[in-house]
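Asker: fold the following for me, if possible:
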Amino acid sequence: MSDLPERSLLVQQHLADAGVVSEIRVLPDSARTARAAAEAIGCDVAAIANSLVLLADGSPVLVMASGGHRVDLDVLAKTWGASSVSMAPPAVVRDATGQAIGGVAPVGHPAPLPTWIDETLADHAVIWAAAGHPHTVMPLTFASLQQLTSGTIVRVV
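Answerer: Model prediction:
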């Protein structure tokens, strides 16, 4: 029997189905921010892959962004040709991902979300993403993150 939360078990199944080897870790405290996650893991905050659910012209999209900087919504709007890009409210995040803010994994959602990956995450041999729950994280490579999500690499700043 696994000690992982239900949502993390679903993420673990997505990893296995994709052939991605990664061990989900349960942290003693919540890692709802990139800084908190980096401190708990002992890595550079820039190696944290923040899962940001945004609304692009009203439709939810997922951006996996480095915790080392803030995403520029205007840059993304221009990149996507969207007239409006904003942070999704918590209810939309939960509906689109089945996961709570602070624990949104790149996979394990009711339906795949269009995903963009911050190009600066490629600067790290290991990146860390939430694993479906605010207390769970998983190590990935940039290549495995792209494989898992079929994400498009993008400049976010």
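
Asker: check contacts around the residue most central in space within the chain.
Answerer: Nearest to the geometric centre of the chain sits S51, at 2.9 Å (C-alpha atoms, centre = their mean). Shown in contact with S51 (C-beta atoms under 8 Å, 6 or more residues apart in numbering): 62-64, 97, 104-106, 129-130. Backbone N, C-alpha and C define where each C-beta goes, glycine included.

Asker: list the contacts of the worst-scoring helix or strand of the chain on mean pLDDT.
Answerer: Lowest on mean pLDDT, DSSP states H and E among the helices and strands of the chain sits helix 34-41, with a mean of 91. Helix 34-41 is contacted by residues 25, 27-31, 44-45, 47-48, 50, 67-68, 128, 130, 137 when judged by C-beta under 8 Å, 6+ apart.

Asker: and the contacts of S51, which is closest to V154?
Answerer: Closest to V154 out of these is V63 (7.7 Å), distances taken as C-beta to C-beta.

Asker: what's across from the closest one in the sheet?
Answerer: L52, W116 (DSSP bridges).

Asker: and it, what does it touch?
Answerer: Here V63 is in contact with 51-52, 54, 71, 76, 115-118, 154, 156 (criterion: C-beta under 8 Å, 6+ apart).

Asker: how far off centre is stretch 94-107?
Answerer: 8 Å (C-alpha atoms, centre = their mean, to the nearest Å).

Asker: show the contacting residues for the residue lying closest to A34 once chain neighbours are set aside.
Answerer: Closest residue to A34 apart from its sequence neighbours, by C-beta to C-beta, 6 or more residues apart in numbering: G67 at 2.6 Å. Shown in contact with G67 (C-beta under 8 Å, 6+ apart): 33-35, 37-38, 45-50.

Asker: what's the answer for V93, then?
Answerer: V93 neighbours (C-beta under 8 Å, 6+ apart): 53, 60, 99-101, 104.

Asker: for this structure, what spans make up the helices?
Answerer: Taking DSSP state H as the test, the helices found in the chain are 6-18, 34-41, 73-80, 90-97, 142-149.

Asker: picking that back up, out of the contacts of helix 34-41, which is most surrounded?
Answerer: Highest neighbour count within the contacts of helix 34-41, by other C-beta atoms under 10 Å: A130, with 30 neighbours.

Asker: wait, that one sits on G102?
Answerer: Yes. Using C-beta atoms under 8 Å, A130 is in contact with G102, at 7.0 Å.

Asker: spit out the residues that contact these two alike.
Answerer: A31.
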